[in-house]
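Colleague: Quick one, what's the 3D model for this:
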Amino acid sequence: MLTICTGLRSKLPFRIDFFALLKIDTKTLVLHSLRSLGFDLRPSNDAASLPELSGQKPYPISKAWECTVFLGDNMSDLEATYSVEDNKLRLYASSRLDKELYLRVKDAGFKWAPKQELFVAPMWTPAREDFCIELAGEITAEQTTMVERAEAKMDRLEGIAENRATQADAFANAARDISSNIPFGQPILIGHHSEKRARKDQERISSNIEKSVKASEAVKYWNWKIIGVQAHANHKNDPRVRTRRIETLLKSLRDHQRVKNDAENYLGIWIRDLSDDQIETLSGSYSGASTHLYHQLKKGDITHAECKAKNIERLENTISSTFRQRWLTHYLNRLSYERQMLGPVEVYTKDLTPVILQTFARKMGAEKPKATLSDYGYILESPVTLPLHIAPTRSVELTNTEWRELMQASGYEVPTPVERRQSTSTKTKSPIINPTDEDLIRLQALWNIQIAESHKRAKSYGDPKIANVTLVPQSLYSAHSKGSYAHFKTVGITSDGVRVQSGWKDGVYQLIGVPVFRLRVSTRSYDLYQAYSAIQIIDKPKKSLPLDWEKLAIREKVEELS
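Modeller: The predicted structure is shown next:
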């Protein structure tokens, strides 16, 4: 008699009589087979002390050799693997899982793949890695490659397509055999004793033909699936797709690094000497503070000092988070694999510049990197801690050779400068001129006169509005000159001092007039019969306008207007 302790569901041992139907000389063979399967066989001297199962006594067998088979904590051995090709975790189970364990596997994001007979997760995460280690003890490399899995799936689909093709032929042959028993052109004889059989044969022929057509369509469908599997495998290994995948991984790497960088920036604010009002303001704004702590502070559940201490602790935990570091390490490992599959990265042999190093550091997730030349080589600085694969400090100084080796080890290739296409246009862009005081007043007076003449020709009601010049600094102009509806903008001015406008000419909507220079104007108080206000930047050099004032003959009009 064997006493088998499962230790999985019931946690109780149960006894099975293996030798009741076996001859005594086969006992050695059975025990040897059990040992080869990994069972721990030991003489059961305390079989009487084993608890009963479901209130029943064990089946009694006298004078039988007893042993206890210990299966451990799990009846099914689990094996966990990871494939860097598709970034998926897989769980192999030797037998069916119990309900509790199955629900845990399902909640972890694993799905059962019936054809492969395994559980697969769509992507790697730290939580899933911990879950696999808990079940299997370790995670090993996946033994099947993506190409092998694709070939296995193609073989399986080809088998299905062949079966459907066989079915289509069988249904077509069945319809042909039935129709061969009917003479050609023989109609159904109504009232004859053969009418019932003839109609039944007709239904069978139609049914078989319909089934044959459906099976033929299924053959086309499965062949289309085979082409899709092959195309997907080739697409995954395409160098251009792999290059874009590397860019996506770099973006994810920067996103996780940015969380640490932002936390370090916010920590620099929170560790200062802050008043209660400042703590309350920071807690209510997006400055790395917890919204929950802000509501507790407003309710009076915590003091301002407690709120500050908890926010500092929260930011420090974010910076030193092992969870975040595991993500960063994972992305670096995946980048290393993808770059290796693309081929070796060549060492950059040309001269290094601060721009090259800053671009490299920014690509790796550094926060506002700044590179400066030193006697030793180049110094790279950042307001926060640099990514750990560059340096665990806020600044690092390396020689040119060390910088080249670091870029190669990180898989970074300096982009080749793209030669700009030489423009074939003969048009030259008119310059922007900041007018002198005298020219500014003259031009504004000319525009006011033109508006007055236009108002007079239109016989409009009221008097035309006079526009004045605008004097602003460059900072104010820059702040109010962005966007389509900005109050400040630049306009083209012709040799007659007229603003270039768009309109219909010769059936084409185009610019009317050729600009000789551009001028900054203000439309803040613009009206229908009011000119634009000419702008002068008071903190920039001034230059005379390229206009022939004598030709314009407005000197007398200016004096009359003034």
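Colleague: Quick one: neighbours of residue 494, just the number.
Modeller: For residue 494, the number of neighbouring residues by other Cβ atoms under 10 Å comes to 17. C-beta: built from backbone N, CA, C; applies to glycine.
Colleague: Return the mean pLDDT over the helix or strand where residue 244 lies, rounded to an integer.
Modeller: When elements are assigned from DSSP states H and E, residue 244 belongs to helix 239-270. Within the predicted structure, the mean pLDDT of helix 239-270 is 91.
Colleague: go on, stretch 322-340?
Modeller: Looking at stretch 322-340 alone, the average pLDDT works out to 91.
Colleague: helices or strands up against the helix holding residue 244?
Modeller: helix 304-319, helix 322-342 (3 or more Cβ pairs under 8 Å, 6 or more residues apart in numbering; DSSP states H and E).
Colleague: List just the one of those that sits closest to residue 100.
Modeller: helix 322-342 (26.5 Å; Cβ to Cβ).
Colleague: List the buried residues for the closest one?
Modeller: By 16 or more other Cβ atoms under 10 Å, the buried positions in helix 322-342 come out as 324, 326-328, 330-332, 334-335, 338-339.
Colleague: Which residue, other than its chain neighbours, is closest to residue 91?
Modeller: residue 119 (4.0 Å; Cβ to Cβ, 6 or more residues apart in numbering).
Colleague: mind checking the SS state of that neighbour?
Modeller: When states are read from DSSP: H, G, I helix; E, B strand; the rest coil, the local structure at residue 119 comes out as strand.
Colleague: Tell me which residues touch it, please.
Modeller: By Cβ atoms under 8 Å, 6 or more residues apart in numbering, the contact list for residue 119 reads 90-93, 105, 110-113.
Colleague: Check the gap between it and residue 218 for me.
Modeller: When Cβ to Cβ, to the nearest Å is applied, the distance between residue 119 and residue 218 equals 29 Å.
Colleague: from the chain's centre, how far out does the lengthiest helix in the chain sit?
Modeller: The helix spanning the most residues in the chain, taking DSSP state H as the definition, is helix 195-236. Relative to the centre of its chain, helix 195-236 is centred 40 Å away, using Cα atoms, centre = their mean, to the nearest Å.
Colleague: name the helices or strands packed onto it?
Modeller: Using 3+ Cβ pairs under 8 Å, 6+ apart as the contact definition, the elements that helix 195-236 packs against are helix 146-180.
Colleague: on that earlier part again, closest to residue 366 out of the helices and strands packed on helix 239-270?
Modeller: Taking Cβ to Cβ, helix 322-342 is the member of the helices and strands packed on helix 239-270 nearest to residue 366, at 12.8 Å.
Colleague: dump the residue contacts of residue 259.
Modeller: Listed by Cβ under 8 Å, 6+ apart, the contact set of residue 259 reads 318, 324.
Colleague: Repeat the analysis, applying 10 Å as the threshold.
Modeller: When the contact criterion is Cβ atoms under 10 Å, 6 or more residues apart in numbering, the partners of residue 259 are 318-319, 321, 324, 327.
Colleague: circling back: from the contacts of residue 119, pick the one nearest residue 490.
Modeller: Closest to residue 490, out of all of the contacts of residue 119 and judged by Cβ to Cβ, is residue 111, at 60.3 Å.
Colleague: count of residues packed around the residue nearest to residue 280 when sequence neighbours are not counted?
Modeller: In space, residue 280 comes closest to residue 297 once its chain neighbours are excluded; the distance is 6.5 Å by Cβ to Cβ, 6+ apart. As a burial measure, residue 297 scores 23 neighbours (other Cβ under 10 Å).
Colleague: ok so, going back, any buried residues in the helix holding residue 244, and which?
Modeller: Residues of helix 239-270 classed as buried by neighbour count (16+ other Cβ under 10 Å): 245-246, 249-250, 252-254, 256-257, 260-267, 270.
Colleague: contacting residues for residue 135?
Modeller: 74, 76-80, 91, 93, 97, 101, 104-105, 108.
Colleague: go with 6 Å
Modeller: Listed by Cβ atoms under 6 Å, 6 or more residues apart in numbering, the contact set of residue 135 reads residue 78.
Colleague: quick one: it is in a helix?
Modeller: Yes - with three-state DSSP as the criterion, residue 135 is part of a helix.
Colleague: now residue 167: how far from residue 218?
Modeller: Distance check for residue 167 against residue 218: by Cβ to Cβ, it reads 8 Å.
Colleague: Sorry, wrong one. I was asking about residue 132.
Modeller: According to Cβ to Cβ, residue 132 and residue 218 sit 38 Å apart.
Colleague: again, but for residue 336
Modeller: As defined by Cβ to Cβ, residue 336 lies at a distance of 44 Å from residue 218.
Colleague: Could you do residue 148 as well?
Modeller: Taking Cβ to Cβ, one finds residue 148 at 26 Å from residue 218.
Colleague: Give me the more crowded residue out of those two.
Modeller: Just comparing residue 148 and residue 218: by other Cβ under 10 Å the higher neighbour count belongs to residue 218, 17 against 12.
Colleague: pLDDT score for the more buried one?
Modeller: 93.
Colleague: Chain neighbours aside, what residue packs nearest to it?
Modeller: Nearest residue to residue 218 in three dimensions, chain neighbours excluded: residue 164, at 4.3 Å (Cβ to Cβ, 6+ apart).
Colleague: Run a quick neighbour tally on that neighbour.
Modeller: Residue 164 has 20 nearby residues by other Cβ under 10 Å.
Colleague: Quick one: residues contacting it.
Modeller: So, once contact is read as Cβ under 6 Å, 6+ apart, residue 164 ends up touching 215, 218-219.
Colleague: Residue ranges in the stretch 401-550 of the chain under the pLDDT threshold?
Modeller: Residue ranges of the stretch 401-550 of the chain with pLDDT under 70: 423-427, 525-528.
Colleague: ranges for the strands of it?
Modeller: For the stretch 401-550 of the chain, the strands identified by DSSP state E, counting those that start in this stretch occupy 470-472, 488-493, 501-505, 508-512, 517-522, 533-537, in order along the chain.
Colleague: and the second one, what other elements does it pack with?
Modeller: Under the contact definition 3 or more Cβ pairs under 6 Å, 6 or more residues apart in numbering; DSSP states H and E, strand 488-493 sits against strand 517-522.
Colleague: so how far is the strand it packs on off the chain centroid?
Modeller: Centroid displacement of strand 517-522 relative to its chain, using Cα atoms, centre = their mean, is 45 Å.
Colleague: ditto for stretch 158-170
Modeller: Using Cα atoms, centre = their mean, the distance from the centre of stretch 158-170 to the centre of the chain it belongs to is 41 Å.
Colleague: List the buried residues in that stretch.
Modeller: Neighbour-count burial for stretch 158-170 [16+ other Cβ under 10 Å]: 160-161, 164-165, 167-168.
Colleague: And for stretch 492-501?
Modeller: Neighbour-count burial for stretch 492-501, with 16+ other Cβ under 10 Å as criterion, is recorded at 492-494, 497, 499-500.
Colleague: Next, count neighbours for residue 213.
Modeller: As a burial measure, residue 213 scores 13 neighbours (other Cβ under 10 Å).
Colleague: how close does it sit to residue 168?
Modeller: For residue 213, the distance to residue 168 (Cβ to Cβ) stands at 8 Å.
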